[in-house]
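Enquirer: below is the structure, and that's it, no one-letter string:
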């Protein structure tokens, strides 16, 4: 049976402080790849892997002054996501640690209901799962 983590019970920290107004955290691990070709063939015979990075987005209701500061200063930070299933269950817990993060971009939007939402794009050197 799959483990379904609850956004209401989980939290995301930047340098140890909770991200207020967080609506969403998404990320992907990207690995450079190059196909090794065989002479006289149209098929690859191997794959050569290169740099691996993490790219993600944090969507925050209104804005995050902490992330705005990191964007302006081009400073590095650590992001930790504590994912939980139930309040009392330690078995259904996972911690994701994103190392050497930088905010790379910011976009702002306001929906018809008048609620402002800011999307922060970030990159990380690695993500560790505990």
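Expert: Alright, I've got the coordinates. If you're wondering where the values come from, they're calculated on a predicted model, not measured in any experiment. Residues are numbered from 1 along each chain as shown.

Enquirer: which residues touch stretch 77-88?
Expert: By C-beta atoms under 8 Å, 6 or more residues apart in numbering, the surrounding residues in contact with stretch 77-88 are 3-6, 9-16, 25, 58, 70, 92-102, 122, 124. (Each C-beta comes from the backbone N, C-alpha and C, glycine too.)

Enquirer: now do the buried residues in it.
Expert: Within stretch 77-88, the residues scored as buried using 16 or more other C-beta atoms under 10 Å are 77, 79-85.

Enquirer: partners of the helix or strand hosting residue 99, with directions?
Expert: Here residue 99, judged by DSSP states H and E, is contained in strand 93-110. Here strand 93-110 is paired, per DSSP bridges, with strand 77-84 (antiparallel), strand 116-124 (antiparallel), strand 126-129 (antiparallel).

Enquirer: so what touches it?
Expert: Residues contacting strand 93-110 (C-beta under 8 Å, 6+ apart): 3, 5, 27, 54, 56, 63, 67-68, 70-71, 74-85, 116-130.

Enquirer: for that strand, buried residues please.
Expert: 93, 96-98, 101, 103, 106.

Enquirer: the helix or strand of the chain with the lowest mean pLDDT vs strand 116-124, what angle?
Expert: Lowest by mean pLDDT, DSSP states H and E among the helices and strands of the chain is strand 6-14, with a mean of 89. Inter-element angle recorded for strand 6-14 and strand 116-124: 60 degrees (by axes from the mean of the first three to the mean of the last three C-alpha atoms, to 10 degrees).
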